[in-house]
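Asks: Sequence first, then the predicted structure:
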Amino acid sequence: MSKLVVEVLEAYDLMPKDGQGSASPFVEVEFDEQRKRTQTKHKDLNPSWNEKLVFNVNNLGDVANKTIHVTVYNDREGNHGHHNNFLGRVRISGVSVPLSESDSSVQHYPLDKRGLFSHIKGDIALKIYAVHDGASHNGEPVHATPTSIPGTEETSPFQEPQFPETPFQEINTNNFDDEIKVEEKKNKKKKEQEVRTFHSIGTGTGGPPPAAPPPTSTGTGFTAMMEKAPVVETRADFAKAAPPGVMHMQMPRQEFLLVETSPPVAARLRYRGGDKTSSTYDLVEQMHYLFVNVVKAKDLPVMDISGSLDPYVEVKLGNYKGQTKHLEKNQNPVWHQIFAFSRERLQSNLLEVIVKDKDFGKDDFVGKVVFDVLEIPLRVPPDSPLAPQWYRLADKKGDKVKGEIMLGVWMGTQADESFPEAWHSDAHNISPSNLANTRSKVYFSPKLYYLRIHVMEAQDLVPHEKGRLPSPYVKVIVGNQIRPTKLLERTINPVWDDQLMFVVSEPFEDYIIISVEDRVGAGKDEVLGRAMIPIRDVPQRLETTKPPDPRWLSLLKPSVAEGEGEKRKEKFSSKILLRVFLEAGYHVLDESTHFSSDLQPSSTHLRKQRIGILELGILSAKNLLPMKIKDGKMTDAYCVAKYGNKWIRTRTLLDTLSPRWNEQYTWEVYDPCTVITIGVFDNSHINGSKDDARDQKIGKVRIRLSTLETDRVYTHYYPLLVLTPSGLRKHGELQLALRFTCTAWVNMVTQYGRPLLPKMHYVFPIPPRHMDWLRHQAMLIVAARLQRAEPPLRREVVEYMLDVDYHMWSLRRSKANFHRIMSLLSGVTAVCKWFNDICYWRNPITTCLVHVLFLILVCYPELILPTIFLYLFVIGIWNYRFRPRHPPHMDARLSQADNAHPDELDEEFDSFPSSRPSDIVRMRYDRLRNIAGRVQTVVGDLASQGERAQAILSWRDPRATAIFIIFSLIWAVFIYVTPFQVVAVLFGLYWLRHPRFRSKMPSVPVNFFKRLPSKSDMLL
């Protein structure tokens, strides 16, 4: 009889289930109606079993038709099958089981959920294989051997055929060492270390890992790898789970931290070696390109029988080939197209520029020009552009033929002005129509204004039904924004006195439509009259100047308003009084004030002078997750950065997990207390993409300028963290170089004493209930304008960069804010604890020193304020040693994102209004009621304390009030006849008295205060 062996090795990052932040897991394996389990590992979220479970198999041929069920439970008082004890499961098809132990390897499987509401996370490491009868398997624990020992390994004949080779064999070609992680782990039973080597290649299909490089087939049907290839333990669930995360080993969360780097940029090297050619782009690495400018051609020969020529140019360098568009029937074509080939990927020493004739079958050869790459000149900015020259065409043998072509060929860098518009060799498979979607661009947000409309009153409204008084209200329409006033009942001369605010942008092309409507019945309104005002005719108000005078407008009937001729025939019309003006003194918020990048008012005349320059170098990224795994591709990544009204977009680098952009951008800085946002996205509009395809977000970074030292270059790898409904994911790391240069120190220092927002926000503040709606409208206007650019900056990108849903309810974010408050109060708590220790004489020496200091301050009160400020100065100087050395980044622990409950994340990503089933919404509503009940209790207790304080002198309790006022009179007389220093000394010594003179019972003032009445007994 044959055997099936399941080696249960270890598990990582399991979900806590015992209510104390831990679990006691064990594994149960079921195969062919046989069930076996491992031992229980108590209080361990990263257990290590190293046990063999052996199952009987009647026929090895039947293994392929069966399934192995591996389930992880939390052992709670022996109740193994209860729902609360479920920690995850894995189903493994028998097709993937090798037929010998030598063919098997350790596989890591992500734990799956049992149902929709299961809260599961973590991985489990298994080694499964089948053996013939005669092998010894007594079920004793075995220790996993190191898998990094080189040797010869054979793979199973049951490998899934759809992955004949590793789809990620080109991950991080720049630095392959970054793709191999070596983890060392101490065994608790035996003090020895084991080394495991892993490829971080994402997730897999659940079977044995495919071999790389492609194996050679033998006569027995087995595939063998190359001799002495290192055995690499890989994730076996590749492309099975949605966006893969890093491998869960027993390690600290270093992956979410900042990593400082030292790239060879000129700003860090300080131009050593005399290389000052990179001074323009000194925050990025120089990348050299071969540029070919195909300008035009003349006197080309006729190739077709019809006497016509449809020429185009093919630029060929090794395996890279680029083409211009073909021009029909033109012997003197003009192209003006530039090609750029990366010098790092040059595969030939010859550059061929070939002119061809477009034909139905094979294109005809017209002529070519050949350049030696080694002889191409180098152009260094700020040199002027290279002048193109005429070259005679030659045939395939090298003999001169009829026709000339104008070309410009030179070596340059990414600082070349031709670089953004050039056709790049890494985009050789992009159609010309989609080539614009891969280029780098700079965008500017439209100039936004607040439009204030003061609807005052109307006169002589005429209802449609005679003898009936209307119930009018005003509906104002500006573009896609609609705002109504309040409804007034039964009047023909209504007075609303409502102020409505809208967001408009330059150029002012829209109209303001004022519609007075009558509420006839439920859901039925009739238009009483309309008026239209062009926004370009609306006056502006600067700061707190007097607003423009209101004006009366005639309300025209809808039918009359359509034609000018009928308008003149109308002798009588109703009137409406409006005050309409543009608020140029406000800053229109299109992002949250907590991380805003621009705080300038709309009016140019009111803006401040710049205080410095911000330079950003977008260097590279590494370990990106494959976002197009379904299409058999990697990731087409590009970056977007936003600061102020300037947006930048880098070029898209195709099909790579380690893109290197090396692009540098500059912004003017007007306020240091602003934030720059950098996001990374996957381009979904390359070839054959639908117009409604959405660019996927990879992650973003926010950096506050006030946390940066001036003139210092920061180069770091920032983790790209994305919160998904399944949990926090790290999608890679982004390398940035930052430098903030101050050009006006006096202005920058005075900025810290000025208001954050313009003056109008404080003199005439906008109600908070309107601010969110206006911010959303501003975002829609910005997104609509940027989406019309070429290439478009799509709406999903703008929404992600501006954090549109930041104000929505999130239990995770509420917990994070609660912990932020508690961390702030921890300082107050520490001071209270220290003072309590002083009062109870825990440290007699410190208590005596406090007594001496107290007596000195009482005798010399003029030293109190100097002492306080001197103490603050000393603390600041002391903390200078521990100042932050790195810029801030997205903090997963502060955001409560690394341990968020799956149901909380599902609620956070739910639409508004909710689209979840009613039972889930009811459960969440009950949970919210529970939280609100606790908040209600705390608010009630605070209100009770305040009402007791009010009751001291309100005679609600006449005896308590009488006692208090008599006591106050006695104290007034005593303090009047006694020097203040004596009173302070007596009070202080009483408060700092020794514990021997203290009682455990509450003091008399506390008892008196708690007995005062509150209004809680008056509540229903």
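Replies: Okay, I see it.
Asks: Excluding sequence neighbours, find me the nearest residue to Leu764.
Replies: You called it Leu, but residue 764 is Phe. Take Phe764 and drop its neighbours on the chain: the residue closest to it by CB to CB, 6 or more residues apart in numbering is Thr544, 7.6 Å away. Yep, even glycine has a C-beta here, placed from its N, CA and C like the rest.
Asks: Need the three-state assignment for that neighbour.
Replies: Here Thr544 is recorded as coil under DSSP: H, G, I helix; E, B strand; the rest coil.
Asks: Next one: it relative to Val1006, how far apart?
Replies: 50 Å (CB to CB, to the nearest Å).
Asks: Spit out the contact partners of Leu14.
Replies: With contact taken as CB atoms under 8 Å, 6 or more residues apart in numbering, Leu14 is in contact with Ala23, Pro25, Leu45, Asn46, Pro47, Val72, Leu87, Gly88, Leu111, Lys121, Gly122.
Asks: Now the buried members of those residues.
Replies: Applying 16 or more other CB atoms under 10 Å to those, the neighbour count classes Ala23, Pro25, Leu45, Asn46, Pro47, Val72, Leu87, Gly88, Leu111, Lys121, Gly122 as buried.
Asks: Out of those, show me where the pLDDT dips lowest.
Replies: Across the buried ones among the contacts of Leu14, the smallest pLDDT goes to Lys121, namely 82.
Asks: The spatially most central residue of the chain and Leu111, how far apart?
Replies: Closest to where the C-alpha atoms of the chain average out (CA atoms, centre = their mean) is Lys700, at 3.8 Å. With the distance defined as CB to CB, Lys700 ends up 29 Å from Leu111.
Asks: rewinding a little: surely the residue nearest to Phe764 meets Tyr586?
Replies: No - using CB atoms under 8 Å, Thr544 makes no contact with Tyr586, being 11.5 Å away.
Asks: what residues are shared contacts of those two?
Replies: Common neighbours of Thr544 and Tyr586, using CB under 8 Å, 6+ apart, are Met760.
Asks: who has more neighbours, those two?
Replies: Between Thr544 and Tyr586, counted using other CB atoms under 10 Å, the more crowded position is Tyr586 (26 against 11).
Asks: residues contacting that one?
Replies: Applying CB under 8 Å, 6+ apart to Tyr586 gives the contacts Tyr449, Tyr450, Pro601, Ser602, Pro758, Met760, His761, Ile766.
Asks: Looking at the residues you listed, which one is closest to Asp62?
Replies: Using CB to CB, Ile766 comes nearest to Asp62 of the contacts of Tyr586, at 73.4 Å.
Asks: For the closest one, give me its contacts.
Replies: Residues in contact with Ile766 (CB under 8 Å, 6+ apart) are Tyr450, Met501, Tyr586, Leu774.
Asks: Now the residue lying closest to Cys839 once chain neighbours are set aside: phi and psi?
Replies: The shortest distance from Cys839 to any residue other than its chain neighbours is 5.8 Å, reached at Leu992 (CB to CB, 6+ apart). Main-chain dihedrals, Leu992, degrees, to the nearest 10: phi -100, psi 20.
Asks: so Leu992 makes contact with Thr846?
Replies: No - under the criterion of CB under 8 Å, Leu992 makes no contact with Thr846, lying 11.4 Å away.
Asks: Could you say which helix or strand holds the closest residue in space to Glu417 that isn't next to it in sequence?
Replies: Distances taken as CB to CB, 6+ apart place Pro385 nearest to Glu417, at 7.0 Å, with adjacent residues excluded. When elements are assigned from DSSP states H and E, Pro385 belongs to no helix and no strand.
Asks: do Val29 as well
Replies: Assigned by DSSP H and E, Val29 falls within strand 25-31.
Asks: so after that strand, what's the next helix or strand?
Replies: Remark: after strand 25-31, the chain's next helix or strand is strand 34-37, criterion DSSP H and E.
Asks: Give me the buried positions along that following strand.
Replies: Buried, per 16+ other CB under 10 Å, within strand 34-37: Lys36, Arg37.
Asks: mind checking how far it is from the chain centre?
Replies: Centroid separation for strand 34-37 versus its chain: 45 Å, with CA atoms, centre = their mean, to the nearest Å.
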